[in-house]
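**Student:** sequence unavailable; structure follows:
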């Protein structure tokens with residue numbers, strides 16, 4: 001049996017605080033807890049236990065190929081589309097998006113060679129803010145979220161995170177960082 005995991009970039013606490021302060025007065029949406037905010041690079045439904053160390057090694061090599069870069073969170077979006085949104089999110093600036101895409105490609109390749117199959121969804125760099133049980137017309141919310149722009153911050157590492165379903169507050173997942181892997185651009 002394997003572990004449910006994902007590879008992510010986690011914003012620094014000051015950026016998480018900015019975003020939490022922005023969302024606090026905006027009621028009526030099931031906002032994801034700030035402790036769970038991240039930018040997913042690769043989701044893996046099952047990483048074979050016997051190959052987790054190998055995956056971490058390959059992931060470290062992939063991370064080391066990317067130079068640290070700056071990110072600004074901003075620009076709202078949703079999945080699958082505004083007329084029937086189930087997830088609301090914030091995007092990133094274009095240059096950061098290119099670096100995140102390189103990291104996502106490397107993380108997914110590391111997973112594949114380690115016997116863990118990443119999900120097949122196209123990579124869209126984003127930080128999920130709300131997950132909805134029923135789809136909504138989200139145009140109003142997207143306009144509100146579009147007014148947010150975070151402070152610029154530097155991505156220096158990626159994290160491999162285990163997701164333990166139903167073990168967090170209110171039966172949400174509990175996240176556990178398994179490894180932190182530095183970017184270096186070498």
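**Tutor:** Nice, I can see it. Worth saying up front: this structure is predicted, and the values here are computed from it rather than measured. Numbering: from 1, shown residues only.
**Student:** when you work out contacts or count neighbours from here on, use the C-alpha atoms and nothing else.
**Tutor:** OK.
**Student:** could I get the contacting residues of the residue nearest the centre of the chain?
**Tutor:** Centroid-nearest residue in the chain, with C-alpha atoms, centre = their mean: residue 39, separated by 2.0 Å. By C-alpha atoms under 8 Å, 6 or more residues apart in numbering, the residues touching residue 39 are 8-10, 125-128.
**Student:** try 10 Å this time
**Tutor:** By C-alpha atoms under 10 Å, 6 or more residues apart in numbering, the residues touching residue 39 are 6-11, 90-92, 100, 124-128, 158.
**Student:** buried residues in the helix or strand harbouring residue 103?
**Tutor:** Per DSSP states H and E: residue 103 is located in helix 94-113. Neighbour counts using 16 or more other C-alpha atoms under 10 Å place 96-97, 99-112 of helix 94-113 among the buried residues.
**Student:** what does stretch 120-129 give?
**Tutor:** 125-129.
**Student:** do stretch 71-84 as well
**Tutor:** Using 16+ other C-alpha under 10 Å as the burial criterion, the residues of stretch 71-84 that qualify are 71-79, 81-82.
**Student:** of those, closest to residue 180?
**Tutor:** Ranked by distance to residue 180 (C-alpha to C-alpha), those are led by residue 71 at 18.4 Å.
**Student:** beta partners for the closest one?
**Tutor:** residue 153 (DSSP bridges).
**Student:** ok, residue 85 next?
**Tutor:** Beta-bridge pairing for residue 85 (DSSP bridges): residue 136.
**Student:** what's it in contact with, if anything?
**Tutor:** 77-79, 131-132, 134-139.
**Student:** which stretches in this structure count as strands?
**Tutor:** Taking DSSP state E as the test, the strands found in the chain are 2-9, 39-48, 69-71, 73-79, 85-92, 127-136, 153-155, 157-164, 174-182.
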